[in-house]
Structure formats: C-alpha cells, structure tokens
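**Q** Got a sequence here, can you build the structure:
(2 chains)
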Amino acid sequence: MEFSFILNGKRVVCDISDNQTLLDLLRDSLGVTSVKKGCEQGECGACTVLLDGEPVTSCLVLARRIEGREVTTVEGLVDDPKMKSLREAFLEEGAVQCGYCTPGMLLSAYSLIRSNLDPTEAQVKKAIEGNLCRCTGYVKIIEAIIHAAKKLKSE
Amino acid sequence: MEYANILQDLLKRDEYLIVGKKVARTDALDKVLGRALFTADYVPKGTMVVKVVRSLQPHALIRKIDYKEALKIPGVIRVITASDIPGENQIGYALPDQPFLNDAKVHYVGDPLALVCASDEYSASEAVDAIKVEYNALPSHLTVDSALASDAIPIHDGGNIAVKTRIRKGDVAKGFKESTVEVEETYETPYQEHMYLETEAAYAIPEGSDKVTVIGTMQSPFLVREKVAKILGWSLSQVRIIQALTGGAFGKKDDMGPLVCAEAALAAVLVGKPAARIYDRDESVAYTPKRFPARFRYRSGADSEGKLKAIEVEITLECGAYANRSPFWLWRQTAHAAGPYYVPNAAIDGKAVYTNKVYGGSFRGFGDLAMQFAAESQMDRLAEKINIDPIEFRLKNILKTGLTTTCDQLLDHSVGIEECLRRVAEASNWSKYVPCKEGSRVRGLGVGCAYHGISTSRGTPDWSACSLILNQDGTFTYRTGICELGQGSPIGHAKIVSEIVGAPLDFIHVELPDTSSTPDAKPTHGSRGLMLGGTAAADAALKLRDNMLKVAAEMLECREDEVELKGGEAFERGTPSNKISFSELAEELYARGISPASYGFYASPKRYFDPETGLGVNYSVYTFAASVAEVEVDLETGETTVLKVWPAMDVGKAIDPLMIEGQIEGAVSQGIGFALMENLILEDGVVLNPFFKDYIIPSALDTPEIAKPILVEKPYKHSAFGAKGVGEPAIISIVPAIVNAIHNATGIRFNTLPITAERLYDAIRRSRQ
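**A** Numbering: from 1, shown residues only, chains lettered A, B, ... in the order given. Prediction:
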C-alpha cells in the first residue's frame, strides 16, 4: 500500500507491506542506515528514532501506523544546534567506541536536553536507560550529555 | 630494537605532540553523524539472503537431511549441504574437529547442517523450518562430569578431553609443609555472552568465475581469508576480505568472522549471486561461542609471615561441542593461576573437556578473568586466616622486577602492579574504611589484582605489519590489518604515525582492512592491536620519516638532523621561516623516485620456553591492573549495587589516556555483568534466554561512579613509546574486587558466579539460620 509520512522534515511517499516495521522501512526502503538493527524486540535501543518528537524503538512500530506523522533521525538533525552540541561533546569526552549504539543514544539524549538543559546524572541515566551500550560502560556518554546541556545553557 | 628509547632520542622532543594526550578520535565523526557504515549497511535491497539450518539435537547421528519441500517454497533459490562444499569442510581453530556443515553427526543444539539461499528473509525462514532432518539420537553429555565418566561416549574421536596443560615449579609438597595456613576451595564460573550491539554479518559478492569479495564483521581479516579460501578450495589471492566497521567484538568476532564470511561466500559462489548473511539476535546468543565455563579446585598455602609458599590448582574447562580456542584459553588460565604474586612452588594442571553444549570461544580476559576470580578469592581467604589486611597480604607477595612468575619467567622490567595496588588503596582510603550498615543496607570494600600476558604465549613468535603512503597533497594513507572494533587501535596507530612523521592527526587517513591491499597485521586479539600493530606503525613511520628528512634537508639546504617535521611542515630547527609544506615535500619525493611509501614490520623478541614443564619466557610482557570496589547489598532483597570503583593499570605508556579510560569504564560495566547479572540458562543443551530481555546486561542505570583511572606507566622496551595492551587486562581485576567487596559487606563468600540477587538472598537467609 502507498502512504506518506514526514521524514526529517520532508514528505516521503512510499510503498509498504502490512507487516513492515518502521525500522525496515527506514533501512531497506529509504536507505536511512543510521538507524541500526540490534534485536528487533525493542530492547537494545539501537533503532531509536523520534516519532513526533518522542524517542521510540522503530523495530516495534508498524510502518503503516505512522501515516502522516513525523519521523526524525540523526540525519535530520545535522544542523540542529542542540544535536551539534551533543555530537561535539560525544567526540570530546570520548563517548564513542564502536558507534553502533551512538545514533540511537544521541536521539534519546537529544530528546532529554530539548526540554531540560540542566539534567541531573540520574535524569540522564533514566533518559538513556533503553539504549544499551556494551563498549563504553556509559560513563563518558553520561558526562558528554551533561556537558552538552551545560554548554547550551550557558550560551 | 628497543623502540621506547629510540623514539624518544630520535624525536628530540621535551614533550610529545600527540602521544600521551587526550585527542578526540578523528574516526568517531562519521559515527556521531550516523554516516559510519557497518556491514549490513552495505547490503543493497533485494540481495539474496542466507540462513543456516541447525541441529535441534544435542548429540545425534544424522540419518538424512531432506530439503525437497523447502525447494518448493517460492523465493527459495538453493539449499547447500556438506556435499556441495568444493574445498575442505572444516572450520576448527585449534583442532580440526569442527565441520563447517555437518553431515555425519551433530555435537550441540545449533550445529550447522545446511545453508538456505532465498530471495528474501521470509522465504528463507520458511525454508529453514521446512527442512526435515532425521537423527539417530546418542546419549548427550551436558556436564563435564558426565563427559569425563568412565562410560562416557566420545563426542569426538580421541575422547572427551580436548587438551591438557601442566606447570611444575619448585616442590609443592615442601611448600605446603612450610605453610602454616592453607585454603582449599572449588570455584565455578559460567558462560558469558558477548552481547555486542551488532550481530555477526557478511556480504559476499562473486566476481567472474573465480573470485569473491566479502565485507564482514571480524577481528582477523587474514584468518577469515584463509578459512574462506579453504572451504571454497581456492587460493588466498582469489578471496578478498574487507573488514567493515564492526559494532563491538570482544573476542567473539574473531571466532565468528570466518564462519559468517564463509557462509556468505559459499552461497554467493555456488549460486553466482551476491549474498547477505546476517545473524538474528537469538541465533547469535544461542548458537555462537561464549566465555568458556570453568571449574577450579584451588589449594594454596602461606606461612605465618604472610608469604605464599605453594599453590596447587586443577582446572577443568568446558569446551562445549568444539575445542575452538580452548588450548590457548586453558593455557592462559594455567599460566596465570597464581595471580600477580610470587609463588615459589606451583603445580597446575588443566584439562579442556568436550560437552554437547554451545562451545566456548574468545572473550575479553581470555580465561584470565575467571582464573583471577578464583585466585583473588583465595588471597582474601588466606589473608583472613592469617588475620592480615588483604592489601597488606597482597603487597607481601606482589610481583616485582627481579621476581619470577609461576612459569619461572624472570620479570626484568615494566612491572607496575605494586604501584597500581598502593595507589588504589590510597585513592579509596582503604586503610580507614569501615564497612557500614544503614537499615537493611550494608556496604563493603573489596580489592582485586590482575596481570595479563600480551600477545602470543609459550615463546611463540608474534609479528605485525602495515603500510604507510605519503600522498602528493601531504596527507597519509595508512593501512593495517588491525581492526577497528570500537577499541580504537587503528586510530592509536595513526597517533603514533602522526607523532613520528610530524603530521596533524587528521592528515593520517586509516583505510579499512582489505586483504587485497593491506599487509597482514595478524589478529586483533590478545590485547596486541596497539602494542604489536602500533609498533609496526612506528617502524613504517620511521622508514618514511627517513626519506622525508633526506629530501627535506636538500630542499631546505640544511643538515638532516637540523630538519624538524611538525604540523605538516618540514622546517629548519631554529630557523622556522625556512620551511616547506608536506605537499611540496611529497611532490619532490615522487619526482625524484624516492619512495613515498613504507612497509612497517615488527616481530616480538625470540623467547625460550619448555613445553614439558611449562616453564620459560611465556609472554613477552604483562599488563598489570588493580581495582578497589565499594558495594552496597540490600539484605532484604539480596540486591547488590556497585557504588564506586577505583581502577589502576600499568599500561607501559598511555598513547591516549582518554581511550584507555574508555576501555576501563567499559570493562567495569562488563565486569559488573559477569559478577552480578549475566546468567545464560540452558536446559537439555538449549539456551533458554537468547534475547536482551532475558539475558540482562548492564544499562546506564547500573553504572557506578568510577574514579578517574590511575594510569601507571612502566614502559615496555620493545614497543612503540613503551605501550602495552589494555583492552583485556582492564576487566580482570574488576570481578574479584566486587566479589571480595560483597564478602566484606555481608560476610558471605561466593564460589560461583554470577552473584544474582536471588542467590545472594538465599545465601543471606541460610547464613541467618
């Protein structure tokens, strides 16, 4: 069936099958490879996208459910000042190792600091609780998110 | 060549420009932009899908594999079984006990039987289900004791013991006679699953009739090439392997690289179409190698002064269905059995035993992690019996320069464990700590020490190679077979090159390993990636630097030793206005036919080793680590929270402290998982919890406070700038520190991991009865 939704600010018209997930639609049909497949059960967070601004695991969302809605991935936030600040902090703080969880992690972090530029460590941990990382032990990711928020607040 | 000194003399720098500094990883930019490509990202839509048909029986003879019905499913292209393999049907690592596709017998639930090639995922899955396998079931051995029983039937020809190891140092009977205290305990450690975020993947493209290119997840591109070529019956030059950025590996992708790439390559070549093979999460967890489970019977003795006198250790390693890395794993446990302490008398025996379960394989810490859990529990128990502080007891026995290991290897330099231990004791305020209780919560402090031999064991030579090209615009192209898995070794090489040739880090472009153009660097394992690979990088950089200096001196009309290379420019020292850019210099090298490229090579020094006694120069150098952990246990629920960890490591020389901190912090998380949480459940040989939702790994909420890691620098004289490997040693001391802290808090000591809330709750209840 043909349907349309907003991907990173642009209307996209595409064909989908009934049982196709948003994750498969993004990766296989639309070539958005920043969205990673890690478990297909909504447990690892590697496929996190923003759906109408809220982080969701795209592997658990049926593509046909997003008709007319807005989907944002890191590609859509290249020029966003908050995402830019997060990216810089992730690089400077050494919050990136293998990088497989990174796009999803950034989106969960972005969702947090969009509404809270003064997050506590506990709030940051809570915000990224659903994004698993096996490399970093989360320490530098947490530090990077707090630093990015602080920097944005002081600007 | 003693690199550590040579580089310092040669570069004449009071302070290094980049080595030892925290520098943001240039290779991480694409990762934060979402532009970094992993294997699955290369696979075009509509590519043929490959899936594996697996055994549902733990131990059985195969009567028949019937795939007639599967071929009738629309979309199914071909089913491949053992008889279709053009080359050798063998993928075993240490021993030739592992068929690539089984046609005679299955050895565990999950043993591969056939490959299904289909136009899409659904048809492929349907075909896997439609294939009927008839078995003659055999009695299965699901424990090492069952496999070792006198009436056990052999899982492989030659019986159920895959390999044995042995060390005899001094006189153990005499050592125990001199001991006034003795402790004897049996410890058991479980499987651990790697749970990297990216599952195993490969994309194979056949070229013409006799070539194939495979892009995949791996740690050793050249091992992958060897195994793929063997299965295809081709020469090495017909197979091209490219390692894509890999989403975590921790050892398992060293085992799985050859398998997943061969699965894709065989399908692509036999069908004549590009093929994608991507593991599902449950397949990755249930059927691929894990940390080997082990049992340790450990007896140790010390005298009234607190000096260790003897250890006697018996190691029973469970291989599972195949030997895989067990000979090397078991040897590491055997060699590291004493921990980083001087013990005059040691008798250590190990055996690796086959069972009909998912097999073990490489995993960060490689045997040493489980071994130190046992060794460090023994140390705490001995200290308690002697009534001496656990750190004081360790310091009385700690390895120092001039002492020998259990393999009787004399440590002549680069031994920083004493400093690590003293500094974590100080940082954690160890001597003043009082275990406290608040309501149902009790707190305690524990210590763990570790040492880990880097690279190959038993005197086996090790070497690494790379290439470096100066391009006409003054940038550099660097190629190494050492893989980027998240740990950042290749970017570490780039930093070494950057320091030596005087180019900014972003001038050095690191190519993905490609067996058609990259020199063999040997595997990215054994914490050797930076130490061996980075020293080859230093060699390449030094050779190219020589050519650059020679031409620059002529261009600047000064002596070679007056030329400084810095910031992408060559200039006369003292007269910086007399300068040329690297692009001008490069043009000149090309124009004069002076090589703008170099081949870097490094071989570890030759060593003596006696396989009979297990004595000699075992590993060329050791990395040392010590940690203190503070935990809080809720006596009402049995739940343990790690509050804070103080880690220290002797890294030789920190090429980049930020990346080392990242390794240590990641290791703390994995260590917490192994010590407290991760619990693979098997029933009748079937893994029951193959998903993130039931095999629980630490999340951000489980992250303790981690004190700034203390980096002790006792340079290794045979590596670039003196660096030693850090990835594996980082995890080893964490687990015993947590376990010992739980004992300090509760008085309860566990000989089995993981210490889940349920187990601790039961133990607390029992202790109150």
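
**Q** Which one of the residues in the stretch 51-200 of chain B is closest to chain A?
**A** Closest residue of the stretch 51-200 of chain B to chain A, Cβ to the nearest Cβ: B:L197 (4.2 Å). Where you see a C-beta, it was placed from the backbone N, CA and C, and this is true even at glycine.

**Q** ok, and the closest non-adjacent residue to that residue?
**A** A:Y100 (4.2 Å; Cβ to Cβ, 6 or more residues apart in numbering or on different chains).

**Q** Hmm, A:S34 and the one you found touching each other?
**A** No. If you go by Cβ atoms under 8 Å, A:Y100 and A:S34 don't touch, sitting 10.6 Å apart.

**Q** Show me which of the two is the more surrounded one.
**A** A:Y100 (28 against 24; other Cβ atoms under 10 Å in any protein chain shown).

**Q** check contacts around the more buried one.
**A** A:36, A:38, A:46, B:38, B:196-198, B:247-248, B:486 (Cβ atoms under 8 Å, 6 or more residues apart in numbering or on different chains).

**Q** Helix, strand, or coil at the most centrally placed residue in chain A?
**A** Centroid-nearest residue in chain A: A:L107, 2.9 Å away (criterion: Cα atoms, centre = their mean). Following DSSP: H, G, I helix; E, B strand; the rest coil, A:L107 is assigned to helix.

**Q** Could you report the pLDDT at it?
**A** A:L107 carries a pLDDT value of 98.

**Q** What separation do you get for it and B:P729?
**A** For A:L107, the distance to B:P729 equals 34 Å [Cβ to Cβ, to the nearest Å].

**Q** The closest residue in space to A:L112 that isn't next to it in sequence: neighbour count?
**A** In space, and not counting its chain neighbours, A:L112 is closest to A:A127: 3.9 Å by Cβ to Cβ, 6+ apart. For A:A127, the count of nearby residues is 22 (other Cβ under 10 Å).

**Q** so A:A127 makes contact with A:Y110?
**A** No. Applying Cβ under 8 Å, one finds A:A127 not in contact with A:Y110, separated by 9.6 Å.

**Q** Nearest to chain A: which residue in the stretch 251-400 of chain B?
**A** For the stretch 251-400 of chain B, Cβ to the nearest Cβ, closest residue to chain A: B:R281, 4.6 Å.

**Q** wouldn't that residue be in contact with A:G42 here?
**A** No. Look at B:R281 against A:G42 with Cβ under 8 Å: they stay out of range, at 11.6 Å.

**Q** Of these two, which one has the most company?
**A** Taking other Cβ under 10 Å, B:R281 and A:G42 do not tie; B:R281 has more neighbours (21 against 18).

**Q** and the more buried one, what is it in contact with?
**A** Contacts here follow Cβ under 8 Å, 6+ apart; on that basis B:R281 touches A:38-41, B:199, B:690-692.

**Q** go with 7 Å
**A** B:R281 makes contacts with A:39-40, B:199, B:691, as judged by Cβ atoms under 7 Å, 6 or more residues apart in numbering or on different chains.

**Q** swap in A:G38?
**A** Contacts of A:G38 (Cβ under 7 Å, 6+ apart): A:44, A:46-47, B:197.

**Q** Show me the two of these that sit farthest apart.
**A** A:C47 and B:L197 (10.4 Å; Cβ to Cβ).

**Q** State the number of residues packed around the residue of the stretch 51-200 of chain B closest to chain A.
**A** For B:L197, the count of nearby residues is 28 (other Cβ under 10 Å).

**Q** Was I right to think it contacts B:G248?
**A** Yes. The pair B:L197 / B:G248 is scored as a contact, 5.7 Å apart, by Cβ atoms under 7 Å.

**Q** any common contacting residues for the two?
**A** Counting by Cβ under 7 Å, 6+ apart, the contacts common to B:L197 and B:G248 are A:100, A:134.

**Q** Domain map for the chain?
**A** By default, I'm working from chain A. Following automatic domain parsing, one finds the domains of chain A at A:2-73, A:79-154.

**Q** ah, no, chain B please
**A** If you go by automatic domain parsing, the domain ranges for chain B are B:3-36+B:463-603, B:40-138+B:200-278, B:294-457+B:610-768.

**Q** now these as a markdown table including mean neighbour count?
**A** Listed next are the domains of chain B as a markdown table, based on neighbours: other Cβ atoms under 10 Å in any protein chain shown:
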| stretch | mean neighbour count |
| --- | --- |
| domain B:3-36+B:463-603 | 21 |
| domain B:40-138+B:200-278 | 21 |
| domain B:294-457+B:610-768 | 22 |
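
**Q** List just the one of these that sits closest to B:S150.
**A** Per Cβ to Cβ, nearest to B:S150 of the domains of chain B: domain B:294-457+B:610-768, 13.9 Å.

**Q** tell me which parts of the stretch 601-750 of chain B are close to chain A?
**A** Residues of the stretch 601-750 of chain B that fall close to chain A, judged by Cβ under 7 Å from any Cβ of the partner chain: B:658-659, B:661-662, B:665-666, B:668-669, B:691-693, B:697, B:699-701, B:703, B:706.

**Q** Leaving out sequence neighbours, find the closest residue to the residue in the stretch 351-500 of chain B positioned nearest to chain A.
**A** The stretch 351-500 of chain B approaches chain A most closely through B:G486 (2.9 Å), counting by Cβ to the nearest Cβ. Leaving aside its chain neighbours, B:G486 sits nearest to A:C98 (2.9 Å; criterion: Cβ to Cβ, 6+ apart).

**Q** how about the one you found, what does it touch?
**A** A:C98 neighbours (Cβ under 7 Å, 6+ apart): A:135, B:246-248, B:485-486.

**Q** which among these gets closest to B:P274?
**A** B:T246 (20.2 Å).

**Q** Quickly note the distance from the closest one to B:S489.
**A** 12 Å.

**Q** just curious, which of the contacts of A:G38 is nearest to A:A149?
**A** Looking across the contacts of A:G38 and measuring by Cβ to Cβ, the closest to A:A149 is A:A46, at 23.0 Å.
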